[in-house]
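Novice: Can you look at this prediction? I've put the sequence above it.
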Amino acid sequence: MATNEFDGLVAAVTGGASGIGLATAQELARRGASVVVLDRDLSGSDGYVCDVTDNASVRAAVEAIEQRYGRLDVLVNNAGIGAQGTVEDLDEAEWRRVFDVNVTGIARVSAAAIPLLRKTAAASEDGVAIVNMCSIAATAGLPQRALYSASKGAVLALTLAMAADHIREGIRVNCVNPGTVDTPWVGRLLDAATDPAAERRALEARQPTGRLVSAQEVAAAICYLASPWSGATTGTSLAVDGGMQGLRLRPD
Ligand code: NAD
């Protein structure tokens, strides 16, 4: 599909050097955007080294975008890290670290970028968009994911609050809730399993479609929420989860 709905627009993608973020940066660019990748590890991607837990590096990256482009139309808050275990495995330092990246990271980058987003929205007919990376873990009750699920539940609530606070300024805020997506992150999880092939089959079986979601499928959903096509949509979450959230299938 050839579209160019992001022609002349500028988009920033945190965690844009790998997995879903990389697929999103590529898709936004293919549809015409000037894309700035913000990642703590650029892994050969073009962009700015930026750790979303470090206010100074976040502010420097946003300033660099303002100086280079003078505008920001799309912010994709995708950077995130995982964690496994139940609440009994509570490690307070790990809880602080995961919340610092997954939740406060979104707040930090958004706080730094909103003045530029607001200025861009004021001069644009279509307004601007923020898309936050949530997860099916926010709503599904997944086993062995207590900390990760809590952090993504907070992302969902933060998305709604941000949408309410900025709607009058022409800034829409939505999130995507993927199921299990075939990215380097999931590859690392599988590599660490005692039987990676069996673990992969278990992850596939958990989704009614019987397969993992592709990074490109999540990128396409993010592009929809970032584009004027979703101009009437704010304060929502879009599931890209192979039917996990909505379907209740009987066992075969
Ligand atoms: P990934 O590990 O392939 O990529 C994550 C990227 O984020 C990496 O480039 C990493 O360097 C960057 N990053 C991590 N911490 C950072 C920080 N502090 N500052 C800046 N950049 C940082 O992971 P992925 O699977 O593409 O996941 C991306 C997002 O999607 C995460 O928020 C994750 O929670 C979410 N998600 C993933 C899945 C999945 O199954 N893969 C499912 C639902 C949601």
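Specialist: Happy to help now that I have it. Quantities reported herein were computed from a predicted structural model and do not represent experimental measurements. Residues are numbered from 1 along each chain as shown.

Novice: burial count for the nearest residue to residue 18 once chain neighbours are set aside?
Specialist: Leaving aside its chain neighbours, residue 18 sits nearest to residue 184 (5.4 Å; criterion: C-beta to C-beta, 6 or more residues apart in numbering). Every residue, glycine included, has its C-beta placed from N, CA and C. The criterion is other C-beta atoms under 10 Å. On that basis, residue 184 has 12 neighbouring residues.

Novice: could we number from 869 for the rest of this?
Specialist: Got it, first residue is 869 now, which makes that one residue 1052.

Novice: What separation do you get for residue 1052 and residue 894?
Specialist: Look at residue 1052 and residue 894: by C-beta to C-beta, to the nearest Å, they are 15 Å apart.

Novice: looking just at contacts, which helices and strands does the helix ranked longest in the chain meet?
Specialist: Taking DSSP state H as the assignment, the helix of the chain that covers the most residues is helix 1014-1034. Other elements packing on helix 1014-1034 under the criterion 3 or more C-beta pairs under 8 Å, 6 or more residues apart in numbering; DSSP states H and E are helix 960-967, helix 973-990, strand 996-1001, helix 1005-1008, strand 1039-1046.

Novice: how far is it from where the chain is centred?
Specialist: If you compare the mean C-alpha spot of helix 1014-1034 with that of the full chain, they lie 12 Å apart, counting by C-alpha atoms, centre = their mean, to the nearest Å.

Novice: And stretch 1107-1120, by the same measure?
Specialist: For stretch 1107-1120, the distance from its own C-alpha centre to the chain's C-alpha centre is 21 Å (C-alpha atoms, centre = their mean).

Novice: residues in contact with that stretch?
Specialist: The set of residues external to stretch 1107-1120 that reach it, using C-beta atoms under 8 Å, 6 or more residues apart in numbering, is 1004, 1007-1008, 1044-1047, 1074-1081, 1085-1086, 1089.

Novice: and the ligand, which of these contact it?
Specialist: When the contacts of stretch 1107-1120 are checked against the ligand using C-beta under 6 Å from any ligand atom, the ones in range are residue 1046.
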